[in-house]
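**Q** give me the fold of what follows.
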Amino acid sequence: QVQLVESGGGLVQPGGSLRLSCAVSGFTFDDYAIGWFRQAPGKEREGITCISSSDGRTYYADDVKGRFTISRDNAKNTVYLQMNSLKPEDTAVYLCAAHFKDCSTYARYWGQGTQVTVSS
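**A** Modelled structure (predicted):
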């Protein structure tokens with residue numbers, strides 16, 4: 001059974017940090033690039049970062065570049081999203097998704113999401 005389970009969300013003050021995890025099971029982790037997406041209320045889902053399956057190449061959307069860092073631990077079948085210098089506009093449900101082989105392919109599998117709220 002394919003599962004992507006996000007964790008690590010919560011309430012944080014502006015300027016704070018959170019680390020999200022995406023634990024994967026049910027498919028060959030090494031064959032998939034993993035991306036993080038977010039969806040804020042009333043807004044479309046947006047892709048914010050992705051890490052490739054083979055060479056660990058990473059991609060970032062402009063509004064998170066320099067603040068967020070994606071990494072993967074193939075031994076643990078887990079991808080992490082370190083989020084620093086958080087802003088209220090980062091508030092959203094964060095979801096991870098698996099892309100076969102490369103970040104440019106469509107997201108084949110999705111997690112349920114974890115809520116991140118940035119507020120004082």
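
**Q** so what are the sheet partners of the lowest-mean-pLDDT helix or strand in the chain and their directions?
**A** Sorting the helices and strands of the chain by mean pLDDT, DSSP states H and E puts strand 107-110 at the bottom, at a mean of 94. Strand 107-110 has its sheet partners listed here by DSSP bridges as strand 92-100 (antiparallel).

**Q** which of the residues in the partner strand are buried?
**A** Of all the residues in strand 92-100, those buried under the rule 16 or more other Cβ atoms under 10 Å are 92, 93, 94, 95, 96, 97, 98, 99. Any C-beta I mention is one placed from the backbone N, CA and C, and that applies to glycine too.

**Q** surely the fourth one is in contact with residue 112?
**A** Spelled out, it's residue 95. Yes: checked against Cβ atoms under 8 Å, the pair residue 95 and residue 112 is within contact range at 7.3 Å.

**Q** overlap in contacts of the two?
**A** residue 6 (Cβ atoms under 8 Å, 6 or more residues apart in numbering).

**Q** which parts of the chain are helices?
**A** Shown for the chain, no helices are assigned by DSSP state H.
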